[in-house]
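Q: Sequence first, then the predicted structure, then my questions.
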Amino acid sequence: MNTLYYGDNLDILRRYVKDETVDLVYLDPPFKSNQDYNVLFAEQNGTRSAAQIKAFEDTWRWDEEAARTYQETVETGPEQVSKVLQAFRTFLGENDMLAYLSMMSPRLVELRRVLKSTGSIYLHCDSTASHYLKLLMDSIFQPENFRNEVIWKRSYAHSDTRQGSRHYGRITDSLLCYSKGVAPKWNMQYRPYDSTYIERDYRRVEANGRRYRIDNLQGPGGAAKGNPKYEVMGVTRYWRYSKEKMDELIRQGRVIQTRPGAVPQYKRYLDEMPGVPIQNLWDDLPPINNRSKELLGYPTQKPEALLERIIKTGTDEGDLVLDPFCGCGTAVGVAQKLKRQWIGIDITHLAITLIRHRLQDAFGNETKYQIVGEPVSLPDAEALAKQDPYQFQWWALGLVGARPVEQKKGADKGIDGRLYFHDEPKTTKQIVFSVKAGALHATYVRDLRGVVEREKAAIGVLISLDPPSKAMRAEAASAGFYKAPWGKDYARLQLLTVADLLAGKTVDFPRENVTFKKAPKALEPAIETRTLVFDSDIDKTASRG
């Protein structure tokens, strides 16, 4: 079954993913670019919200964990990987870049293990670390299995070329493409011909509107190449085809003379041609920007068209796609749309929540998948709360469709999450949440009531591990009700336990929830391409044609 895993991808790969079961890996790991990546939520009027959630910090530190991972890989990893890591340490020293490469090494080794012999891997990176990553990939996948470095244009302009800058605008990223074996699955992709080419080369048009060009029928090399010689339409030449094949083409109307006595030529129709083969420069993909319908607010979100091209090239329907750093789930969503199986792994519950919303918005209830690593019982939830209180908070808020807020002083104090809803067209109201994993006090309900009043919220919700006391329930009941425009009352303060949430109970509020930007419905592919399946058994001359 399609599966989302919560946890460290190295552990997940080792525990759950079997050898040679994956057809394609796409990964977009955090780059070593010294940035904190925050999820920037949009306010209901479309402006950027002050509320941010740190999705991950991409600065990898040379610390005890990195040093331990380095040592383990050097001592127990593949010989070539050990050698290249030691060379990196000699050249780079013990710094954050070495930490990044040390942490990536065992993950790439595991990804090679789970790939089928016909599988491929696409590693997304920028110029900061791409040269080091390519050497690392060479040591793991072998230089002869390097297929391409694809350069793709991710934006049309960039603000890093401000006045006084001394570099060209950085508007591209790279995809390092490797195969596991010498004969990877490869479905060639094509771009449509541009209008200039069509008007120039397919300028002839039949009465039915079909465009065509004329092509040479003569056999290159003549008799020396084994081409037959015979007469066609009064012209004797060496031809590409046997006389029987030529007679069939004439019968089909595919052989024409442009004038009496001219050498017959082949009629090649535009609508039978696949297009222009995709090269290693991808500058035709729509970028993700503030005008994109796809934009979900995740900092490193990539366009669906990028993943469509990758997945179509390396897989067929039913094949398995793996993304070990799945973020907001673009690879997962595209794999689902293209009828592939998929595995997504991420280390934050926020990402898992975003993907759940994305799949629901795009595919409704058609998508069947499981989530591994999320709490499914009260002891699980208690363990998560002890291990990582923020992840517990994000998980609990995800169960009720709320988004977390950053913990900071000021206006958001006392608020762990928010949920926005419409109780009538274009009228947005909010629900504020407080999540408690420790011992409960009646003051928590009074504090929440104060936050609801301060924020002018419609409803306040307290989510807790422990059941609320009788005094807390009395305090919540005294807050009264929020009355919807159609007259229905909803409790102003609501108390929910984790056990309630696991049993399916949720917040009682007027629908619809508009907290997260909805992903578009899964309809047509994001960009027009055509596919030609490459069969390695076909002779190479034919395949080039």
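A: Arrived safely, thanks for sending. Numbering: from 1, shown residues only.
Q: Sheet partners, orientation included, of the helix or strand harbouring Ser434?
A: Applying DSSP states H and E as the criterion places Ser434 in strand 427-436. The partner list of strand 427-436 in its sheet, established with DSSP bridges, is strand 417-424 (antiparallel), strand 459-464 (parallel).
Q: Of those, which is nearest Thr348?
A: Thr348 lies closest, by Cβ to Cβ, to one member of those: strand 417-424, at 14.7 Å. All C-beta spots, glycine's among them, are computed from the backbone N, C-alpha and C.
Q: Figure out how far the closest one is from the centre of its chain.
A: Its chain's C-alpha centre and that of strand 417-424 lie 28 Å apart, by Cα atoms, centre = their mean, to the nearest Å.
Q: Pull the residues that contact that strand.
A: 44, 51, 393, 397, 400-405, 428-433, 435, 458, 484-485, 507, 509-515 (Cβ atoms under 8 Å, 6 or more residues apart in numbering).
Q: which regions of the stretch 151-300 of the chain sit below the pLDDT cut-off?
A: 156-160, 290, 297-299 (pLDDT under 70).
Q: when you check the contacts of strand 417-424 against the strands, which ones overlap?
A: Of the contacts of strand 417-424, the ones assigned to strands by DSSP state E are Ala51, Arg403, Pro404, Thr428, Lys429, Gln430, Ile431, Val432, Phe433, Val435.
Q: from what I can see the third one touches Gln393, true?
A: Yes. A contact is recorded between Pro404 and Gln393 when judged using Cβ atoms under 8 Å, the distance being 6.3 Å.
Q: which residues are in contact with both of these two?
A: With Cβ under 8 Å, 6+ apart, Pro404 and Gln393 have common neighbours Asp416, Gly417.
Q: now the strands paired with strand 427-436 in JSON lines, with distance to Ala262, mean pLDDT and mean neighbour count?
A: Shown next, in JSON lines, are these (distance: least, Cβ to Cβ, whole Å; pLDDT from 0 to 100; neighbours: other Cβ atoms under 10 Å):
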{"stretch": "strand 417-424", "distance to Ala262": "71", "mean pLDDT": "88", "mean neighbour count": "19"}
{"stretch": "strand 459-464", "distance to Ala262": "82", "mean pLDDT": "96", "mean neighbour count": "25"}
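Q: Who are the contact partners of Gly373?
A: Listed by Cβ under 8 Å, 6+ apart, the contact set of Gly373 reads Tyr5, Tyr6, Gly7, Ile12.
Q: what about 6 Å?
A: Contacts of Gly373 were listed using Cβ atoms under 6 Å, 6 or more residues apart in numbering, and they are Tyr5, Tyr6, Gly7.
Q: Compare those residues and tell me which is most surrounded.
A: When neighbours are taken as other Cβ atoms under 10 Å, the top entry among the contacts of Gly373 is Tyr5 (25 neighbours).
Q: can you tell me the helix or strand for it?
A: Using DSSP H and E, Tyr5 sits within strand 2-6.
Q: Now do that strand, average pLDDT.
A: Rounded to a whole number, the mean pLDDT of strand 2-6 is 94.
Q: what are the pairing partners of it, and which direction each?
A: Using DSSP bridges, strand 2-6 pairs in its sheet with strand 341-346 (parallel), strand 369-372 (parallel).
Q: which stretch in those has the least confidence?
A: Among these, strand 369-372 has the lowest mean pLDDT, at a mean of 93.
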